[in-house]
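**Q** 3D model of this:
(one chain, ligands or ions: 1)
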Amino acid sequence: MNWITNFVRPKLQAIVGKKEVPDNLWETCPKCSQMLLRKELVSNQYVCKHCDYHFRISSKERLELFLGKSFMIMDTPKIKPDPLKFKDSKKYIDRLKNAQKKNQTNDSVIVASGTINGKKIVTAIFDFNFMGGSMGMAAGEAIITACDFAKKNHLPLIIFSSSGGARMQEGILSLMQMPRTVIAINALGKLNLPFISVLTDPTTGGVSASFAMLGDIIIAEKDATIGFAGSRVIEDTIKEKLPQNFQKSEYLMERGMIDLVVHRKDLKKKIEDLLDFLVV
Ligand SMILES: [Zn+2]
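**A** Down below sits the predicted model:
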């Protein structure tokens, strides 16, 4: 028995009153391991002040950074959950319900309309916290809803991707979202409506292999991992060591795969400037 925790601390707490300390007051930077005050981190747009690491953020946090407080989250079509009755170590329907409860969203993508710099836009945002930002039927429907809204209202579309790829629990139905979203994006191009694709950490698998790489302008956040298969899988396949910054934004820009690498703090301004140029 530890007499300090079991005896002294309760006595002291009884005297001074128990103080509730929120357990999310501090965050640890995954890159440099420095402790960061959460309040400071939020005001710094979730970027580490010591090493410039860009934290992965939820779709709602992203939406607020991008559109402030004035946006309208749009309804997306309801889909039949768990069409294949999939089960691995756990039932897919249970995983889905847990993710919905944890993230307070229906699925991995939210769609919203709003205004930046006086211009109306529509945006779709992936949330990596929601089952790895995986693209199943609901995410596909969300992207198509955003495209249809852009077409109907003649608006530019901005998609923030953050995804591990297809949602394997939905099998072929998940893979079908790749051509569906590509067709929807191509339809925007035919109407000369701009599509800005913003790739954030990480954008991989079926998302990077479909609409995310079809932006009229493709922007990546600093130091984001972007690719199709993971680097370990590629190394095992080709039996070669890959460069250290392989699949990083900067590496891809040097090789012409993306147009811009932008620091999160400059992202909104950069998109505003691009829209000034693209939208008449
Ligand atoms: Zn750091």
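**Q** in contact with the closest residue to the ion within the stretch 101-250 of the chain, which residues?
**A** The ion sits closest to residue 223 of the stretch 101-250 of the chain, with a gap of 11.1 Å, by C-beta to the ion. All C-beta atoms are positioned from the backbone trio N, CA, C, and that covers glycine. Contact partners of residue 223, counting by C-beta atoms under 8 Å, 6 or more residues apart in numbering, are 52, 53, 54, 201, 248, 249, 250.
**Q** so it, which state does it fall into?
**A** Under DSSP: H, G, I helix; E, B strand; the rest coil, the three-state class of residue 223 is coil.
**Q** how near is it to residue 35?
**A** Distance of residue 223 to residue 35, given as C-beta to C-beta, to the nearest Å: 21 Å.
**Q** I'd guessed residue 174 sits against residue 168; true?
**A** Yes. Between residue 174 and residue 168 there is a contact under C-beta atoms under 8 Å: 6.9 Å.
**Q** those two - which one has more neighbours?
**A** residue 174 (22 against 18; other C-beta atoms under 10 Å).
**Q** OK, contacts around that one?
**A** So residue 174 contacts 134, 135, 136, 137, 166, 167, 168, 206 (C-beta under 8 Å, 6+ apart).
**Q** as TSV, those with pLDDT would be great.
**A** TSV is the format used below for those (pLDDT from 0 to 100):
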residue	pLDDT
134	98
135	98
136	97
137	98
166	96
167	97
168	95
206	97
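**Q** just the closest of the residues you listed to residue 25, please.
**A** residue 134 (30.8 Å; C-beta to C-beta).
**Q** next one: phi and psi at the closest one?
**A** Backbone torsions of residue 134, given as degrees, to the nearest 10, read phi -70, psi 150.
**Q** that one touches residue 161, doesn't it?
**A** No. The pair residue 134 / residue 161 is not scored as a contact, 11.7 Å apart, by C-beta under 8 Å.
**Q** what does the stretch 51-200 of the chain put close to the ion?
**A** 51, 53 (C-beta under 5 Å from the ion).
**Q** excluding its backbone neighbours, what's nearest the residue in the stretch 51-200 of the chain positioned nearest to the ion?
**A** Closest to the ion within the stretch 51-200 of the chain is residue 51: 3.4 Å, counting by C-beta to the ion. Among residues not flanking residue 51 along the chain, residue 32 sits closest, at 3.9 Å (C-beta to C-beta, 6 or more residues apart in numbering).
**Q** what is the helix or strand encompassing residue 138 packed up against?
**A** Assigned by DSSP states H and E, residue 138 belongs to helix 137-153. Based on contacts counted as 3 or more C-beta pairs under 8 Å, 6 or more residues apart in numbering; DSSP states H and E, the elements that helix 137-153 packs against are strand 109-116, strand 119-126, strand 157-163, helix 177-190.
**Q** mind redoing it with 6 Å?
**A** When contacts are defined as 3 or more C-beta pairs under 6 Å, 6 or more residues apart in numbering; DSSP states H and E, helix 137-153 packs onto strand 109-116, strand 119-126, helix 177-190.
**Q** highest average neighbour count across the ones you listed?
**A** Ranked by mean neighbour count, these are led by strand 119-126 with a mean of 24 (mean count of other C-beta atoms under 10 Å).
**Q** that one pairs with which strands, and in what direction?
**A** Counting by DSSP bridges, the strands paired with strand 119-126 are strand 109-116 (antiparallel), strand 157-163 (parallel).
**Q** now those strands in CSV, with mean pLDDT?
**A** Below are the strands paired with strand 119-126 laid out as CSV (pLDDT from 0 to 100):
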stretch, mean pLDDT
strand 109-116, 97
strand 157-163, 98
